[in-house]
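Colleague: Starting from these lines, generate the structure:
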Amino acid sequence: MKKLFTTQVQSSHTDMALLITRIAVASLMLTHGLPKLAMLAEGNIQFLPVMGMSAGLSLTLVVFAEVFCSLFILIGLGTRLASLPLLLTMLVAIFLVHGADPLAKKELAILYTIPYFILLVAGSGRYSLDHLLAGSRTKKAAEIDDPTLSIYNIQ
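Modeller: As a prediction, this is how the structure comes out:
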């Protein structure tokens, strides 16, 4: 019962929460992005032009964010960077596309904005390719800084 009210955060729990968040938000966003990718591939572009861009360019940027960036988030590769286009896409949806609409129309974009912001701030966690790649870079850097491994080590 005490664990329910503790304020201490365990790293393993945070990493698992980030993994679940990444998988959930990326999978759900792919259900929005894949039909748009099909629309783009067919050349049947029925999309709203935004911020002075043509409908085709606007759709292309949204497909990049919703499909490709979601795939990167799903596998945990470049998570912070991949969350930026998605965060921007959701903010455009909230303030420009649905700016005059009631909250009910904006709600989905607002709900997507929250996990993208969390992933931007927190990163992908331990269960990701980002972590694996960072671990190998850290290991290589440690080996380079280790004076016993230096070719210039003069005894």
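Colleague: The chain: helices as residue ranges?
Modeller: Under the criterion DSSP state H, helices of the chain are mapped to 11-42, 55-63, 70-75, 79-92, 103-122, 129-145.
Colleague: Worst mean pLDDT among those?
Modeller: Here those differ in mean pLDDT, and the lowest is helix 129-145 at a mean of 73.
Colleague: Centre-most residue in the protein?
Modeller: Nearest to the geometric centre of the chain sits Ser83, at 3.1 Å (CA atoms, centre = their mean).
Colleague: so which of the helices of the chain comes closest to Phe5?
Modeller: When these are compared by CB to CB, helix 11-42 sits nearest Phe5, at 14.8 Å. Heads up, the C-betas are built off the backbone N, CA and C, glycines and all.
Colleague: What are the buried residues along the closest one?
Modeller: Within helix 11-42, the residues that qualify as buried are 15, 18-19, 21-22, 25-26, 29-30, 33, 36-37, 40, counting by 16 or more other CB atoms under 10 Å.
Colleague: And it, what does it pack against?
Modeller: Helix 11-42 is packed against helix 55-63, helix 70-75, helix 103-122, with contacts defined by 3 or more CB pairs under 8 Å, 6 or more residues apart in numbering; DSSP states H and E.
Colleague: Show me which residues of the longest one are buried.
Modeller: Applying a neighbour-count criterion of 16+ other CB under 10 Å, one finds 106, 109, 112-113, 115-116, 118-120, 122 buried in helix 103-122.
Colleague: Could you single out the nearest of the residues you listed to Ser58?
Modeller: Proximity of these to Ser58 (CB to CB) peaks at Ala109, which lies at 15.2 Å.
Colleague: and the closest residue to the closest one other than its chain neighbours, how far is that from Lys2?
Modeller: In this structure, Ala109 finds its nearest non-sequential neighbour in Ala93, 4.0 Å apart by CB to CB, 6 or more residues apart in numbering. Between Ala93 and Lys2 the computed distance is 42 Å (CB to CB, to the nearest Å).
Colleague: Comparing the two, which residue is more hemmed in?
Modeller: Taking other CB atoms under 10 Å, Ala93 and Lys2 do not tie; Ala93 has more neighbours (21 against 5).
Colleague: shouldn't the more buried one be in contact with Ile110?
Modeller: No - in this structure, Ala93 is not within contact of Ile110 by CB atoms under 8 Å, at 9.0 Å.
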